[in-house]
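Colleague: Predicted model and sequence follow; I will ask about them next.
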Amino acid sequence: MIELLEVAKKASLAAGSEILKIYETGDFSVEAKSDESPLTIADKAAHHKIVSFLEGTGIPILSEEGRDIPYEERSKWEYFWMVDPLDGTKEFIKKNGEFTVNIALIHKGESILGVVFPPVLGELYWALKGQGAFKEVNGVVESLSTSKKKMTESGLKVVASRSHMSPETETFVSQLQKPEIVSKGSSLKFLLVAAGQADVYPRFGPTMEWDTAAAHVVVSEAGGIVTLEDGTTKLSYNKENLLNPYFIVLPTQ
């Protein structure tokens, strides 16, 4: 597993370098969804770079940018890589740096290894089940830990959009005492909770499994949980429908 983690780290850093080349020189006047847009080019370049590292492990790969793999085929996989080569398309287009490379290893419906790399920020986040969660910046490694706060406490920092909160999120926030809203793009929302910089992230909107898998294990190993709205059922992976249900990220209560 340590060897697989090292491969995933190298893959994410290499993908980040590919993305930055395009991010720094791309023509951002091109329509975002077109084949010539910096976003599309960066997405594909990162995907191919990641695959070039991961395919040597002999473990199947499910990537947002890869081919659709029927459930009949992937349901038989005991282990597989789940990849989002570039999460945070709006952030990429806005050029605010809040986008990430995400690589996770899934075992029987659970994310057991995760690497998240926001290339502009230069922070490498990773976790391995049972081994803790870590962040590395400029060669300095620190362990991550959630805030340990209870949902009944006052002044909780809630990860949400300041500009367009869904009605469900508004309802959730209204039940807290004097909450403070903090905002970030992409899977960095999870990492705010993992690092104790925010206390809860309610996600009552659509996400795909590859958006959350890598950051999920980072939060779990930092002392947090990712549950469905009932507060007990864990978010799971390799479902027939890869769309996630609504979920909440918070410190273990």
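Modeller: Thanks, I have the structure now.

Colleague: can you count the residues close to Gly30?
Modeller: Just to correct that, residue 30 is Val rather than Gly. 15 (other Cβ atoms under 10 Å). All C-beta spots, glycine's among them, are computed from the backbone N, C-alpha and C.

Colleague: and the closest residue to it other than its chain neighbours, what does it touch?
Modeller: Sequence neighbours aside, Ser37 is the residue nearest to Val30 in space, at 4.4 Å (criterion: Cβ to Cβ, 6 or more residues apart in numbering). By Cβ atoms under 8 Å, 6 or more residues apart in numbering, the residues touching Ser37 are Gly26, Val30, Glu31.

Colleague: Tell me how far Ser37 lies from Ile22.
Modeller: Here Ser37 is placed at a distance of 10 Å from Ile22 (Cβ to Cβ, to the nearest Å).

Colleague: For these two, list the residues in contact with both.
Modeller: By Cβ under 8 Å, 6+ apart, no residue touches both Ser37 and Ile22.

Colleague: Verify the contact between Val116 and Leu191 for me.
Modeller: Yes - using Cβ atoms under 8 Å, Val116 is in contact with Leu191, at 6.4 Å.

Colleague: Looking at these two, which is more packed in?
Modeller: Of the pair Val116 and Leu191, Val116 is the one with more neighbours under other Cβ under 10 Å, namely 30 against 27.

Colleague: Which positions are bridged to that one in the beta structure?
Modeller: Asn102, Tyr125 (DSSP bridges).

Colleague: and what of Ile225?
Modeller: Counting by DSSP bridges, Ile225 is bridged to Leu250.

Colleague: so who does it touch?
Modeller: Val219, Lys234, Val249, Leu250, Pro251, Thr252, Gln253.

Colleague: Out of these, which end up buried?
Modeller: The neighbour count (16 or more other Cβ atoms under 10 Å) marks Val219, Val249, Leu250, Pro251 as buried among these.

Colleague: Measure how buried the residue nearest to the first one when sequence neighbours are not counted is and give me the count.
Modeller: Nearest residue to Val219 in three dimensions, chain neighbours excluded: Ala194, at 4.7 Å (Cβ to Cβ, 6+ apart). By other Cβ under 10 Å, the residues close to Ala194 number 31.

Colleague: do Ser145 as well
Modeller: Using other Cβ under 10 Å, Ser145 has 16 other residues around it.
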